[in-house]
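Peer 1: Here is my input, please return the structure:
(one chain, ligands or ions: 6)
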Amino acid sequence: MRLAPSLKNWVSLAGATIALITIFMIVFLFAVTLILERQGAYVGLVVYILLPAVMIVGLLLIPLGMFLRKRRDSKAGICAMPGWPRIDLGDPQQRKASLLFVIATTIFLFASAFGSYHAFEYTESVSFCGSLCHIAMEPEKVAHQNSAHARVRCVECHVGPGVDWYVRSKLSGMYQLYAVTMDIFPRPIPTPIAHLRPARQVCEQCHWPQKFYAQQYQVRTHYLQDEENTRWDIGLAVKIGSPERGIGYRSGIHWHVNPHIQIEYVAADEKRQSLPWVRYTNLDTGEVKVYQDEENPMTPEDVDKAETRTMDCLDCHNRPSHRYQSPNEFLNLAMTSGDVPTDLPEFKATATQLCDKDYQTTEEANAAIRQGLTELYRDNYPRIYAERLPEVEKSIAVVQAAFSRNIFPAMKASWKVYPDHIGHLESNGCFRCHNGQHRTEEGEVISDDCNVCHVIVRQGSPGAEEVAKATESLDFRHPVDIDEEWKEVACAECHQEASP
Ligand code: HEC
Ligand code: HEC
Ligand code: HEC
Ligand code: HEC
Ligand code: HEC
Ligand code: HEC
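Peer 2: Ligands and ions are numbered 1, 2, ... in the order given. Predicted coordinates:
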């Protein structure tokens, strides 16, 4: 078999060589990943994206070379092959060549279909999203692995099904890859994310609002920042509530996503922390109520200019997968689970303060946590230091591990940067609207009654606990004496600091 004369040029030859080498590399690397049954983030990028791209460039060089060669030849007056090549299947040599061409093309098409499917799968995987941009996505990946959604892939929330969202996300993904390569990405990554898929579509793939429980009993165990790490339990019956009950029927927290109503708001800041204007519409009866923050009112012109958002799942569940716990919370959990003994004096207070400092790196934080806690017991409690050093050592390791799961100095990601809107203790959350200041002109208020969202059924230190009688609720008692201040000041005013 002879090659077409126009193929004999350096560009085409180089293209063919490149294509052959990359095909060989793809097959080889693919076989290796199959045999090792393990796939690192980078191998996927190379096998399914980089090498095929190089291969295609190689393949494109072949006709380009032929074209250039022909043009040069015809300029020089050499007529290598006038017009279109003629295929004569009667000629056994040409028949063989055509057969070979058809088989090769078929194999190539199948391989590229297979390859692009894998490229698609690969760019949808957690390892692509979470590991490839290692530093940038570290906080989200770690938090995701520790969340209820650890088995839900990043793309199921961030992209979801449908071609248009796929294309949109891949386009913005390309910019992100560039930003990471050039190291020009922001730290911390700003939220709220402007182009997240509409939340209800995303979440309702798996959570049917009809399936919510009416109430959920939750027990919170706290350890105070005093010498004894005094334990304080709070039992709450949270009125989660099904939203799917008749027109305007009030049925607890998920009433906001009741399909018969709509709640819209205007945010006064990027982070949606201040929501001075809220509108309720009953979609069945057409009833409308506008609530305005009386301390912070907006003029009608400002409202017209501003973007109104319809409230959805993410206005409360803004951290379904990347929830960064505060030192107070992760230390409470470490002590409740028994990983840290609760009778090491001043442990909670000291560990909280150490975790709350600004560090440049996790290593620096680890060293400071070790030093601070070691000094505490060596200098102030020599007996404990002498007798219980292994326990102290183990507790230090637990605190360091909890720190590195929740606070990420390299990306400046933490509970302070990414507050959780569920609740109202460490950030204003529900109290952004339910603060008793949002009124209609008729004087109706978005309720801040302590029993609207939950009832307290038990509170206090073990042994001296108050327990509510059935169907009754307790009046909140603040764990330390702050007078009646919790009635006047929002909890987060004090509790957004690690040590209030
Ligand atoms: C259960 C749904 C869900 C999953 C799964 C999920 N995310 Fe998110 N992600 C969100 C939501 C919701 C936000 C916050 C949006 C906002 O505040 O605007 C977010 C925010 C982010 C942010 C912005 C910074 C931040 O911490 O808030 C990044 C980056 C991110 N996700 C990356 C990832 C990566 C990487 C994965 C997989 C390892 C992942 N996400 C998995 C729902 C999800
Ligand atoms: C692909 C399915 C899937 C999607 C999409 C999904 N979830 Fe979930 N979610 C689950 C599963 C499964 C659980 C239960 C995990 C468990 O019990 O440990 C869960 C648990 C939860 C919980 C209770 C546990 C917790 O973290 O407190 C909440 C709240 C929640 N999801 C909210 C959301 C929100 C909001 C979204 C949309 C951003 C969402 N989910 C999207 C599957 C999903
Ligand atoms: C007004 C705020 C708010 C809105 C809006 C909201 N939720 Fe919730 N949701 C809560 C609170 C509060 C809880 C209970 C507290 C907790 O997470 O422990 C909860 C609990 C849940 C749970 C766990 C329930 C269980 O039985 O364990 C799921 C799942 C959930 N929400 C999904 C959704 C989805 C999906 C949407 C959107 C269609 C949504 N939520 C809208 C506030 C809200
Ligand atoms: C964007 C403003 C906004 C936010 C944020 C918000 N709500 Fe509401 N909520 C409203 C409005 C408006 C009403 C209707 C007025 C009322 O009944 O007080 C309402 C009513 C309620 C009701 C009463 C429903 C009933 O059964 O009577 C509950 C419970 C509730 N919200 C819980 C929550 C919880 C819990 C959060 C935080 C996770 C929250 N809300 C966050 C605006 C908001
Ligand atoms: C608009 C709804 C709403 C109102 C009003 C409300 N809470 Fe809550 N509260 C919540 C939610 C939601 C949580 C968090 C439940 C969760 O995290 O799952 C919570 C949590 C708590 C907790 C437990 C905190 C913890 O971490 O242990 C206490 C205590 C509490 N609330 C007291 C009060 C008091 C006192 C008032 C009245 C001043 C009040 N709440 C008003 C919605 C509300
Ligand atoms: C004037 C400031 C202030 C206000 C307002 C306030 N607290 Fe506190 N709170 C404190 C102080 C100080 C402590 C003691 C810190 C410690 O020992 O952990 C504390 C401790 C707590 C604890 C134990 C925390 C832990 O794990 O150590 C809970 C729970 C709590 N407060 C709930 C609330 C709730 C709910 C509200 C709002 C209804 C509220 N607080 C309002 C100052 C305040």
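
Peer 1: could I get stretch 335-349 in PDB with only the CA atoms?
Peer 2: Only the C-alpha atoms of stretch 335-349 are listed here, as PDB (Å, rounded to 0.1, in the frame of the first residue of the first chain):
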ATOM      1  CA  MET A 335     -16.200  16.100  75.200                       C
ATOM      2  CA  THR A 336     -19.700  14.500  74.700                       C
ATOM      3  CA  SER A 337     -18.300  11.600  72.700                       C
ATOM      4  CA  GLY A 338     -15.700  10.900  75.400                       C
ATOM      5  CA  ASP A 339     -12.700  11.600  73.100                       C
ATOM      6  CA  VAL A 340     -11.700  14.200  75.600                       C
ATOM      7  CA  PRO A 341     -12.100  13.600  79.400                       C
ATOM      8  CA  THR A 342     -14.500  16.200  80.900                       C
ATOM      9  CA  ASP A 343     -12.600  16.400  84.200                       C
ATOM     10  CA  LEU A 344      -9.400  18.100  82.900                       C
ATOM     11  CA  PRO A 345      -9.800  21.500  84.600                       C
ATOM     12  CA  GLU A 346     -10.200  24.600  82.400                       C
ATOM     13  CA  PHE A 347      -9.900  22.400  79.300                       C
ATOM     14  CA  LYS A 348     -12.800  23.800  77.400                       C
ATOM     15  CA  ALA A 349     -12.000  27.400  78.100                       C
END
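
Peer 1: Could you tell me which residues within that stretch count as buried?
Peer 2: Within stretch 335-349, the residues scored as buried using 16 or more other C-beta atoms under 10 Å are 335, 336, 340, 342, 344, 345, 346, 347, 348, 349. The C-beta positions use only the backbone N, C-alpha and C, and glycine is treated the same way.

Peer 1: The residues you listed in helices, which ones?
Peer 2: Under the assignment DSSP state H, those contribute 335, 336, 347, 348, 349 to helices.

Peer 1: and the protein, what are its domains?
Peer 2: In the assignment given by automatic domain parsing, the structural domains of the chain cover 5-123, 127-196, 216-320+420-495, 327-411.

Peer 1: can you tell me which of those the model trusts least?
Peer 2: Sorting the domains of the chain by mean pLDDT places domain 127-196 lowest, at a mean of 76.

Peer 1: thinking again about what came up before, could the buried residues of stretch 335-349 go into a markdown table alongside distance to ligand 5?
Peer 2: Converted to a markdown table, these look like this (distance: C-beta to the nearest ligand atom, whole Å):
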| residue | distance to ligand 5 |
| --- | --- |
| 335 | 14 |
| 336 | 12 |
| 340 | 19 |
| 342 | 17 |
| 344 | 22 |
| 345 | 23 |
| 346 | 22 |
| 347 | 20 |
| 348 | 15 |
| 349 | 18 |
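
Peer 1: Tell me the one of these nearest ligand 2?
Peer 2: Using C-beta to the nearest ligand atom, the shortest approach to ligand 2 within the buried residues of stretch 335-349 belongs to residue 336, at 16.8 Å.

Peer 1: In terms of helix, strand or coil, where does the residue of the chain most remote from its centre fall?
Peer 2: Note on the chain: the largest separation between a C-alpha and the mean C-alpha position, by C-alpha atoms, centre = their mean, falls on residue 77 (64.3 Å). Here residue 77 takes the coil state, with states given by DSSP: H, G, I helix; E, B strand; the rest coil.

Peer 1: ok, the buried residues of stretch 335-349 vs residue 24, which is closest?
Peer 2: Of all the buried residues of stretch 335-349, residue 340 has the smallest distance to residue 24: 55.4 Å, by C-beta to C-beta.

Peer 1: sorry, back to before: which of the domains of the chain sits most buried?
Peer 2: Per-residue neighbour counts averaged over each of these give the maximum for domain 327-411, namely a mean of 17 (mean count of other C-beta atoms under 10 Å).

Peer 1: That one spans what distance, first to last residue?
Peer 2: Length of domain 327-411, first residue to last, C-alpha to C-alpha, to the nearest Å: 17 Å.

Peer 1: what about it and ligand 6, touching?
Peer 2: Yes: between domain 327-411 and ligand 6, judged by C-beta under 6 Å from any ligand atom, the touching residues are 328, 332.

Peer 1: And the nearest residue to residue 206 once chain neighbours are set aside, how far from residue 158?
Peer 2: Leaving out its chain neighbours, the residue that sits closest to residue 206 by C-beta to C-beta, 6 or more residues apart in numbering is residue 152, at 7.6 Å. As for residue 152, its distance to residue 158 is 10 Å (criterion: C-beta to C-beta, to the nearest Å).

Peer 1: Any chance of the buried residues of stretch 335-349 in CSV with distance to residue 12 as columns?
Peer 2: Shown next, in CSV, are the buried residues of stretch 335-349 (distance: C-beta to C-beta, whole Å):
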residue, distance to residue 12
335, 71
336, 70
340, 69
342, 76
344, 75
345, 80
346, 77
347, 73
348, 73
349, 74
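
Peer 1: Show me the subset of those residues that also lies near ligand 1.
Peer 2: Contacts with ligand 1 within those, counted by C-beta under 6 Å from any ligand atom: none were found.

Peer 1: what's the offset of the strand or helix carrying residue 23 from the middle of its chain?
Peer 2: Following DSSP states H and E, the helix or strand that holds residue 23 is helix 10-36. Centre-to-centre, helix 10-36 and its host chain are 36 Å apart (C-alpha atoms, centre = their mean, to the nearest Å).
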